[in-house]
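A.B. asks: one predicted model, sequence on top.
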Amino acid sequence: MINAPRGTNDILPPESAKWNYIESKAKYIFDLYNYDEIRTPIFEYTELFQRGIGEATDIVEKEMYTFEDKSGRSLTLRPEGTASVVRSFLENKIYGKAQPTKYFYIGPMFRYERPQAGRYRQFYQLGVEVFGTQDPMVDAEVIALGMAYMDILGLKDLQLYINSIGCPDCRPQYLETLTEYLNNNKDDLCDDCKNRIDKNPLRVLDCKNDSCQCVIKNAPKIIDHLCEECEVHFNSLQKNLKNINIDYELDPTLVRGLDYYTKTAFEVKYEGLGAQDTIFGGGRYDKLADEIGSKDIPGIGFALGIERLLLTLDKQDIDIPIDKSIDIYLTTIGLKAKNASFELLEKFRKKGIKAEIDYQDRSVGGQMKSADRMNATYTVIIGENELESGKATVRNMKNGEEQEIKLQSIVERIEKMI
RNA sequence: GUGGGUAUAGCUCAGUUGGAUAGAGCGCAGGAUUGUGGCUCCUGAGGCCGUGGGUUCAAACCCCAUUACCCACCCCA
């Protein structure tokens, strides 16, 4: 017995129908906000992620599915979507067109991690990216889009957290202040955090360790150390959010795990999810395009974990409408009738009537039961008698009423009945 | 990479201090209804008790190892 690799999942019916549902709702929202789909390769040259996401991040350090192809080039299964979309934007010179450019994507991502609730090695994200504008109103639009999506799915009790993590002008100074503070309180930090002080001090803010929390609570906040440009941007974002009645909470410890973020960072969480409670998160990345392709193109976006979205829907007992039913079930008795019915079956389908037949040679009772389970509107019963008389018995499965209908005109008759 | 938990029928799970022919509900198939679903009743199929060792007269149960899954740390979607 060969199993699916660890951290991967089969998406089977009826679960797959849920995926279709939430994807179709997402596409409705994307269209409403005028975002167009982009599809990029599932693997890229490894350098793209190394440079884009950042060498010091966990993703690049230990979570990538990297392999060599036959020519010896190093390739990597995409661990996230943004780097690829930026690469594509640059490679196809989309910056030459009128800006901004608004994309959405849906697809699988890959990270080598230990699976747990809401985390898998192959997982699915849908996300949006907007290029070519620094207008903080777009930051608000992107957040609004995400919240609108949550809304249309009927989700409640979600928390939006926002923060600004500055830019290359102000962040270094803040990092100095932070590092100094952390060093002064080093004794109260956990071992991991002690290491982080030099490696990535921002990450200390994210630590859940109790003793670290005490230190973090009084740590200098980056929003108090923003340069004027970043501060204006952040204030404007907040004004825009208030304008459109989106509730948010400032979270000075929200730093995000990828290096490319600048200014706006945000996450939307649902507390009932367990340890992995972020449904979607994102932010602004004004330096990413420069990092990847030496072109100064601002961008902002978010990524949403589809599995986590489904988990949330589940936790909140939101049932997804799945209409599993058929119009006609053909019940047959004997091979002759089965052959004649098979012809009929295709005639129904050619007319767009959803029809099914029994292939298991079940008893009539079994076939009726099967029709019932499939939620058939009508059952058409054809046996020796019907073939001789040229009339089929048609049973209304709701009320049990039956009528005889000539086989010659049955498709047209039923077309009118449903 | 590190901890903790779980593993018995297709699914959800019982199975006492070690002593059966390893059970139930649901699902599936057939029948009661010579060609008619839902409700009811009856019958049936389906198990190497995760895998490999060990202890014992005797192991689903005890011990060791191993694998898989789940949860958590780390980090994120």
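C.D. replies: Happy to help now that I have it.

A.B. asks: helices and strands around the one helix or strand in chain A whose mean pLDDT sits lowest, which ones?
C.D. replies: Taking mean pLDDT, DSSP states H and E as the measure, chain A has helix A:191-199 as its least confident helix or strand, at a mean of 77. Identification of packing neighbours for helix A:191-199 by 3 or more CB pairs under 8 Å, 6 or more residues apart in numbering; DSSP states H and E yields helix A:171-184. In this view, the C-beta of every residue, glycine as well, is placed from N, C-alpha and C.

A.B. asks: what's next to the helix it packs on, contact-wise?
C.D. replies: A:165-166, A:189, A:193, A:197-198, A:201-202, A:204, A:215, A:219-220, A:222, A:225 (CB atoms under 8 Å, 6 or more residues apart in numbering).

A.B. asks: hmm, the least confident helix or strand of chain A touching RNA strand B?
C.D. replies: Yes: Helix A:191-199 is in contact with RNA strand B by CB under 7 Å from any atom of the strand, via A:Asp192, A:Arg196.

A.B. asks: for the following helix or strand past that helix, which outside residues touch it?
C.D. replies: Sequence order places helix A:210-217 as the next helix or strand after helix A:191-199, per DSSP states H and E. Contact with helix A:210-217 is made by A:Leu182, A:Asn185, A:Asp188, A:Leu189, A:Cys190, A:Cys193, A:Val204, A:Leu205, A:Cys207, A:Thr253, as judged by CB under 8 Å, 6+ apart.

A.B. asks: and the fourth one, how many neighbours?
C.D. replies: Same thing as A:Leu189. By other CB atoms under 10 Å, the residues close to A:Leu189 number 22.

A.B. asks: surely it touches A:Val204?
C.D. replies: Yes: counting by CB atoms under 8 Å, A:Leu189 touches A:Val204, with 7.0 Å between them.

A.B. asks: can you pull the residues that touch both of those two?
C.D. replies: Counting by CB under 8 Å, 6+ apart, the residues touching both A:Leu189 and A:Val204 are A:Leu182, A:Ile197, A:Cys212, A:Val215.

A.B. asks: could I get these as JSON lines with neighbour count and distance to A:Leu273?
C.D. replies: Below are the shared contacts of A:Leu189 and A:Val204 laid out as JSON lines (neighbours: other CB atoms under 10 Å; distance: CB to CB, whole Å):
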{"residue": "A:Leu182", "neighbour count": "24", "distance to A:Leu273": "30"}
{"residue": "A:Ile197", "neighbour count": "19", "distance to A:Leu273": "30"}
{"residue": "A:Cys212", "neighbour count": "23", "distance to A:Leu273": "23"}
{"residue": "A:Val215", "neighbour count": "22", "distance to A:Leu273": "27"}
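
A.B. asks: residue of the stretch 1-150 of chain A nearest RNA strand B, please.
C.D. replies: Relative to RNA strand B, the nearest point of the stretch 1-150 of chain A is A:Ala117 (2.9 Å; CB to the nearest atom of the strand).

A.B. asks: neighbours of A:Cys207, how many?
C.D. replies: A:Cys207: 18 neighbours (other CB under 10 Å).

A.B. asks: and it, how far from A:Cys193?
C.D. replies: 5 Å (CB to CB, to the nearest Å).

A.B. asks: now A:Gly107
C.D. replies: Applying CB to CB to A:Gly107 and A:Cys193 gives a distance of 35 Å.
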